[in-house]
Every structure is written in structure tokens, then in C-alpha cells.
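Trainee: Need coordinates for the below:
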Amino acid sequence: MVNVAGPQTRNTATLGGHIVAALVTSDIIPSLIAAECCVVVAGNKGLSQKSIAAEDFFLLDRKVAIQADEIVLSVTIPLTKQNEIFAAFSTHTPHRRDDEVDHVNAGMRVRFTSTGDAVEDLHIRYGGIGLIAAKKIKDDICALNKRMWDEMLLEEVYKIIRKHSDVIITSTKVIIEEGAMKDTEEFQLMTMKNYFFKFFNMVMQEMGKEKIDRNQRMGLSPLRTIKGTQTWQTHTVGAVGEPLQDISSRQISTGESKYLDDIPRREDELFLALLTSSRPHAKIR
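Mentor: Coordinates of the predicted model:
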């Protein structure tokens, strides 16, 4: 855990503090909104309580619907309904010794009609792109309700993301100026498309339909390949000193990297902890 976030985050982080901070790079807020969660707020020294939908709780970047004398008491997370599928996606920075920052993240939920052949409610909420861009994309995607879950819907979502690219770029520049994130706009757009493509195929698999070929994963426009070289003094014997590709680089940049929290728990799993001795060469009795 020493490689995850900074000491302050590791020692004091809480869900309540995370959502009240309402950072634009939060990977929890988009999921809370997409899952239709509610934030329970207590005020008047605990004598009064109210429940606020997550959609209405987050007003602006770093601003929430809570008064100075109120605190977050709890978060209500609803169970998944019948014919409903939910998923969350995030891409983390490789510099994990510093404070953990998300490049782009998303919470996605789709609910089908009782017959299961048409979309009843599609809710996609992106994070890390600014609140204005996230709301515009979410509102346009909601207009796709009653559509069939097919390649035409996939293309429509791609078009909506590209349609609001100017707003995304503007929001990104603001975030870069604040030092919170240093991604290129094109990387953000490709990652957003990639997230929905993964969600689309996950839903297709749940429905028992054939998944789309992975070559279409980055959207309608062809992916621009960036090539580069790295050289230094090499050795002719063995692999020592030879340039090797970082295996995790592609996984991190595409949002496919897995961490311990992504691995499902097992009933018979064991935990290992490393303990250090306070005395050198001590004998264990």
C-alpha cells in the first residue's frame, strides 16, 4: 500500500471526505451519480436529516449542496434492478507514489425494458473532464433511450463524445492549469470511447449476443499511432542493458490494468503481512 496515493490520503481518506471534496478527478463521484445513489446529510446538530440525489449533490467542481453546519452522514447505494447492468471504469497515473489522480473515469448503467429488447434508461457519467462536459454528454446520451442495443447505438455515443470535444478540451485546459492532470485532449477522447466500448461488449455478453471486434474499440476514426525510439549503450551478451517495453504501460493507458481491489475475494483466501523486528539478530521463542 505504500505505492498507492500519498501518506495523507492513505491515512485519512474516507468516502464522505472524498465526495465532499468533489474533485474533478474523482473516480467515485461518476459511479455514485450513474448508480442513482443518494447522500444523506445531517444538520442542526443531528436533529434534522435529508437525502439528496448524487446528481443534485454535486453542483460544480469542488462545490456541493451542503451547508456550513451540515455533515455527510451516509451514502445510500441502491441494489441493481432487474434487467439492469452497472460498471465503473478508471485509468490511474503510473506515478503512484504521488497523490493518486485519475486521467479519465466513468460510471455506466443501462436498464432494459421488461422484454429486454430495448433500452429503457441509459446513464453514462464521465469524470476528469469537467462538470459541464460531463453533464452535456450525459443529457445527450439520455436521448438514446428506447433504442436497441446494437452497433448503431455504439456509433451514436461516439458521435456525442466527439460533438462535445470542444467543451472537453476547455475543461481539460482548466484542469491542467490547476496542475491536477496533464493529459492530451485526444487521449481523453479515445479513453472515453474505449470505456463505453468495453461496457457495450460487457452488456452484449450478458445478453448472449456476439461481441464486436476489438479493432473497433477506439471508435469510428482510425487510431493515430505514435511511434518513438529510445537508445542507450547496449550490450551484445544477454538482455542486460537492452531496451525492453514496459508491460504495464499499455494496460495503464487503455484502462485495462488490474489492481488488488479488482480481484474478487475468495472464501478461503489467506492474507500475508510482513513484520519487521525491532532488534537485530533476535531469537524467536
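
Trainee: Can you name the residues that contact Phe112?
Mentor: Asn83, Glu84, Ala118, Val119, Glu120, Trp149 (CB atoms under 8 Å, 6 or more residues apart in numbering). C-beta coordinates here come from the backbone N, C-alpha and C atoms, glycine included.

Trainee: change it to 10 Å
Mentor: 82-85, 118-122, 149, 203, 206-207 (CB atoms under 10 Å, 6 or more residues apart in numbering).

Trainee: Make a ChimeraX selection of the buried ones in those residues.
Mentor: If you want just the buried ones from those in ChimeraX, going by 16 or more other CB atoms under 10 Å, the selection is:
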select :85,119,120,122,149,203
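
Trainee: okay, now Leu270: neighbour count?
Mentor: Residues contacting Leu270 under the criterion other CB atoms under 10 Å number 5.

Trainee: so who does it touch?
Mentor: Here Leu270 is in contact with no residue (CB under 10 Å, 6+ apart).

Trainee: ok, it to Tyr259 distance?
Mentor: Going from Leu270 to Tyr259 by CB to CB, to the nearest Å gives 19 Å.

Trainee: and if you look at Ser26?
Mentor: Using CB to CB, one obtains 17 Å as the distance from Ser26 to Tyr259.

Trainee: Please identify which of the two sits among more neighbours.
Mentor: Set side by side, Ser26 and Tyr259 show more neighbours around Ser26, with 21 against 10, by other CB under 10 Å.

Trainee: That one: which element?
Mentor: Using DSSP states H and E, Ser26 falls within no helix or strand.

Trainee: gap between it and Tyr126?
Mentor: 11 Å.

Trainee: which residues do these two both contact?
Mentor: With CB under 10 Å, 6+ apart, Ser26 and Tyr126 have common neighbours Asn105.

Trainee: State the phi and psi torsions of Ala34.
Mentor: phi -70, psi -30 (degrees, to the nearest 10).

Trainee: three-state assignment of the closest residue to it other than its chain neighbours?
Mentor: The shortest distance from Ala34 to any non-neighbouring residue, by CB to CB, 6 or more residues apart in numbering, is to Gly107 (3.3 Å). Three-state assignment for Gly107 (DSSP: H, G, I helix; E, B strand; the rest coil): strand.
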